[in-house]
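I would like the atomic coordinates for the input below:
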Amino acid sequence: VPVIRRFPSTLLPLQAAEAASVGAKAVAIPGASFVAEAEAMGLLCAACAALDLEMVAEVSDGAEIDAAFEAGVRVFCIRGVADLDEALALRARVPAACAA
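Numbers count the residues shown, from 1 in each chain. Below you'll find the model as predicted:
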């Protein structure tokens, strides 16, 4: 599955359309963006849904999981944690209907 990962953290709807036009099926966004820019990330999730792009949130704490889920994300990548126990604890916070 082609995935586009862009930095800085904000991906604009126009950039999502550009990614879709070159065959991407998903875009990965740092979880901190969902905390810091909640409204913009909600709009981006809606744009990605309209483009048939999956949003993948790269999360490292519970607040990022909660904010990304609230924005509409259903696929999570847990990263930037100290060890496997922390990763598993975060995985347990991801809603059951989501992939992580």
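
How about the backbone phi and psi for Glu64?
phi -70, psi -40 (degrees, to the nearest 10).

From Glu18, how far off is the closest residue to it other than its chain neighbours?
If the residues on either side of it in the chain are set aside, Glu64 comes closest to Gly31, at 2.9 Å by C-beta to C-beta, 6 or more residues apart in numbering. In this view, the C-beta of every residue, glycine as well, is placed from N, C-alpha and C. According to C-beta to C-beta, to the nearest Å, Gly31 stands 22 Å off from Glu18.

what does Ala40 give?
Per C-beta to C-beta, Ala40 is found 17 Å from Glu18.

of Gly31 and Glu18, who's got more company?
Legend: neighbour count by other C-beta atoms under 10 Å for Gly31 and Glu18, higher for Gly31 (27 against 15).

quick one: contacts for that one?
Gly31 makes contact with Ala57, Glu58, Val59, Ser60, Asp61, Glu64, Ile65, Ala67, Ala68 under the criterion C-beta atoms under 8 Å, 6 or more residues apart in numbering.
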